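A.B. asks: Provided below for reference: sequence and predicted model.
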Amino acid sequence: MVSLNACNTDNLKELNVDPRVASEIDPGFILAYTQLQTSGERFENWRTVMIFQSVMIQHFAALATYWVGDKYLHNDQYTAALWDRAYVNYIKDLVNLVDITDPNKEGADPADINYHAIARIWKAFAFQRVTDIYGDVPYFDAGKGFIDQNFFPDYDPQEEIYPDLVNELEVAAGMLDASQPNPGSQDLIYGGDIEKWRKFAYSLMLRIGMRMSKVAPNMAQEYVGKAIAGGVMTSNDDICYIQHTDGPEGINRNGIGEVFNYDAGSNSYTNDDQGVLSKTFIDWLLAHNDPRVEKLSWVKNGGPHRGLPNGYDGNTIENFDPQYTTSARRDDYSRINPLFVLRESPMVFQTYAEVEFLYAEAIERGWATGSAADHYRAGVTAAMKQYTVYDPSLEISDLDITLYLTLNPYNSSDWGRILGEQYWAATLLNEYEAYANWRRTGYPELTPVNYPGNQTDGTIPRRLRYPGAEAANNPEGYSAAIARQGPDTYTTRMWWDVE
């Protein structure tokens, strides 16, 4: 009895510690991992990005019927892909990272302040992507199953999500402190450069603010002004992207690159079932004498640039091109230059060009001062120079850019179309943003397809449907969202997407 009463309780505590589980996780590791997760694997990049958005926005076209976005068909597994990856993986990890680095928590390490701020910025980026695809989604209580055992969070109105996103960015940008430790190489985007993160925070605020332009103009103007005053991107050196590598694990690879290289096993895709460049996009480039077409388009047979029309399948394409059924004919159409879609290609999230076009729009709306024409020219120049992040050989010469600007001058009386089309061209492969900005602005003016059995009566989808399992897994949240937002269909418009 005496021996038991005198036992060492510290030793007993040690016996209850599982040596296989880390008691503390390096926040830099979580940051790097969530950045890679948000960039995405082949799974969601093939389904959400390429099979749906890239063809709906008519950057790409595909004949295979499983490319359902090209024909406005439904596939529940594909429409659920982003949801499944976001909520199962990086949303909960980002929520956890924000929590464990919170400077207001007892015992918090003040040296983690930049990790905390960057995590909040990246969480805002991740959530905007999710809400822009689905509309009302779990937000305020999302990712907290581990923290507070809330496994069935409410779906929050997008009208409430958006104001919180810009508030998060404002708070996080104010927290960034260059005098404190930074993540360094564990930050796969800016290498721990705090000032670049500040610019990205305000550039993202500009994007989110402008997204509200039609439904909450006063709030939009407020945050667009705050973004510009805070300091947005000023050159292509500020582009937000991850430079991927070809391994050692799948998460290290570019997910879009995996789509095009998956069957080839080399740096030139050979799978003929993948999408090619859309006729809409190629025709627009050619009509504007755009030098980018020479960098983007790869015609295997070496002929002229030729885009594939959207909305056809392997049989109906004969109605457009009777020669297409010959095996060599497909090689007369423009595939994307393999240098853009390697497994080690960068994944781009926001560019300086986009910022300049948004800045020009802010001036046209009377929300900022300056010359919209100057920002248009800066945006076009940046958009044509940004391809060097993929490969130095893709650089477009200053002479070609000057000629393009001469042939395509800015016209303030037609600013909506001009800026909308340039934004669309500049966001190729960033299909999340291309699709969202098209829904907001209506530009470019795309011609929808009317494939037999489509889900939209021949109109371009306005959103993706919730995963079918949500009706059973989270019936209260799902039902409330449907009652508030509208039917769970491809044609239901979300809060910021109005006529």
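C.D. replies: Received, thanks.

A.B. asks: Name the spans of the stretch 101-250 of the chain whose pLDDT lies under the cut-off.
C.D. replies: Flagging of the stretch 101-250 of the chain using pLDDT under 70 yields the residue ranges 146.

A.B. asks: so where do the strands sit in it?
C.D. replies: In the stretch 101-250 of the chain, the segments counted as strands under DSSP state E, counting those that start in this stretch are 137-138, 155-156, 240-243.

A.B. asks: between those strands, which gets nearest to Gln485?
C.D. replies: With Cβ to Cβ, the closest approach to Gln485 among the strands of the stretch 101-250 of the chain belongs to strand 155-156: 8.4 Å. Glycine gets a C-beta too; all of them are placed from N, C-alpha and C.

A.B. asks: What pairs with that closest one, parallel or antiparallel?
C.D. replies: If you go by DSSP bridges, strand 155-156 pairs up with strand 137-138 (antiparallel).

A.B. asks: Show me the contact partners of the partner strand.
C.D. replies: Strand 137-138 is contacted from outside by 87, 127, 130-131, 153-156, 158, 161, 474, 477, 481, using Cβ atoms under 8 Å, 6 or more residues apart in numbering.

A.B. asks: how about a cut-off of 10 Å?
C.D. replies: Residues from elsewhere that reach strand 137-138 (Cβ atoms under 10 Å, 6 or more residues apart in numbering): 83, 86-87, 91, 127, 130-131, 144, 150, 152-158, 161, 466, 470, 474, 477, 481, 485, 494.

A.B. asks: May I see the PyMOL selection of the buried members of those?
C.D. replies: If you want just the buried ones from the contacts of strand 137-138 in PyMOL, going by 16 or more other Cβ atoms under 10 Å, the selection is:
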select buried, resi 83+86+87+91+127+130+131+144+153+154+155+156+157+158+161+466+470+474+477+481+485+494
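
A.B. asks: quick one: which of the contacts of strand 137-138 sit in helices?
C.D. replies: Under the assignment DSSP state H, those contribute Trp83, Ile91, Phe127, Val130, Thr131, Gln158, Ile161, Glu470, Gly477, Ala481, Gln485 to helices.

A.B. asks: List the contacts of the fourth one.
C.D. replies: Under the criterion of Cβ under 10 Å, 6+ apart, the contact partners of Val130 comprise Leu82, Trp83, Arg85, Ala86, Tyr87, Ile91, Val137, Pro138, Tyr139, Ala142, Ile161, Tyr432.

A.B. asks: neighbours around Arg306, how many?
C.D. replies: Counted with other Cβ atoms under 10 Å, residues neighbouring Arg306 total 18.

A.B. asks: any idea how far Tyr324 is from it?
C.D. replies: Distance of Arg306 to Tyr324, given as Cβ to Cβ, to the nearest Å: 11 Å.

A.B. asks: follow-up on the earlier one: most tightly packed of the strands of the stretch 101-250 of the chain?
C.D. replies: Compared across the strands of the stretch 101-250 of the chain, strand 137-138 shows the largest average neighbour count, a mean of 26 (mean count of other Cβ atoms under 10 Å).

A.B. asks: What count of nearby residues applies to the closest residue to Arg465 other than its chain neighbours?
C.D. replies: Nearest residue to Arg465, sequence neighbours excluded (Cβ to Cβ, 6 or more residues apart in numbering): Thr79, at 4.8 Å. By other Cβ under 10 Å, the residues close to Thr79 number 26.

A.B. asks: Report how many residues lie close to Leu82.
C.D. replies: Neighbour tally, Leu82, other Cβ under 10 Å: 25.

A.B. asks: Just confirm it contacts Ile51, I think it does.
C.D. replies: No. Checked against Cβ atoms under 10 Å, the pair Leu82 and Ile51 is beyond contact range at 11.5 Å.

A.B. asks: shared neighbours of those two, anything?
C.D. replies: Contacts common to Leu82 and Ile51, judged by Cβ under 10 Å, 6+ apart, are Asn45.

A.B. asks: contacting residues around Asp321?
C.D. replies: Applying Cβ under 10 Å, 6+ apart to Asp321 gives the contacts Arg306, Leu308, Pro309, Tyr312, Arg329, Arg330, Asp332, Tyr333.

A.B. asks: Check the closest residue to Ser297 other than its chain neighbours and give its pLDDT.
C.D. replies: Leaving aside its sequence neighbours, Ser297 sits nearest to Ser334 (Cβ to Cβ, 6+ apart; 4.0 Å). Ser334 is assigned 95 on the pLDDT scale.

A.B. asks: who wins for most neighbours among the contacts of Asp321?
C.D. replies: Most neighbours among those, by other Cβ under 10 Å: Leu308, with 26 neighbours.

A.B. asks: you'd agree it is up against Ile317?
C.D. replies: Yes. Leu308 is within contact range of Ile317, at 8.0 Å (criterion: Cβ under 10 Å).

A.B. asks: any residues in contact with both of those two?
C.D. replies: Contacts common to Leu308 and Ile317, judged by Cβ under 10 Å, 6+ apart, are Ala61, Leu63, Tyr324, Arg330.

A.B. asks: If you rank those residues by neighbours, which is first?
C.D. replies: Highest neighbour count within the shared contacts of Leu308 and Ile317: Ala61, with 27 neighbours (other Cβ under 10 Å).

A.B. asks: Check whether that residue really touches Asp313, as I assumed.
C.D. replies: No. The pair Ala61 / Asp313 is not scored as a contact, 11.1 Å apart, by Cβ under 10 Å.

A.B. asks: Show me where the stretch 351-499 of the chain has its helices.
C.D. replies: Per DSSP state H, counting those that start in this stretch, the stretch 351-499 of the chain carries helices over the ranges 352-364, 372-385, 398-407, 415-426, 431-441, 470-473, 475-485.

A.B. asks: Least confident of these, on average?
C.D. replies: Mean pLDDT is lowest for helix 470-473 among the helices of the stretch 351-499 of the chain, at a mean of 93.

A.B. asks: how much space between the nearest residue to Glu258 once chain neighbours are set aside and Leu446?
C.D. replies: Leaving out its chain neighbours, the residue that sits closest to Glu258 by Cβ to Cβ, 6+ apart is Arg42, at 3.8 Å. Counting by Cβ to Cβ, the gap from Arg42 to Leu446 is 27 Å.

A.B. asks: more crowded one of those two?
C.D. replies: Using other Cβ under 10 Å as the criterion, Arg42 and Leu446 rank with Arg42 on top: 20 against 16.

A.B. asks: doesn't Gly255 make contact with the more buried one?
C.D. replies: Yes. Using Cβ under 10 Å, Arg42 is in contact with Gly255, at 5.1 Å.

A.B. asks: intersection of neighbour lists for these two?
C.D. replies: Residues touching both Arg42 and Gly255 (Cβ under 10 Å, 6+ apart) are Met50, Arg343.

A.B. asks: mind listing what Phe140 touches?
C.D. replies: Pro153, Asp154, Asp156, Glu160, Ile161, Asp164.

A.B. asks: one more time with 7 Å
C.D. replies: Shown in contact with Phe140 (Cβ atoms under 7 Å, 6 or more residues apart in numbering): Asp156.

A.B. asks: What distance do you get for Ile133 to Pro346?
C.D. replies: In this view, Ile133 and Pro346 are 22 Å apart by Cβ to Cβ.

A.B. asks: Likewise for Pro461?
C.D. replies: 28 Å.
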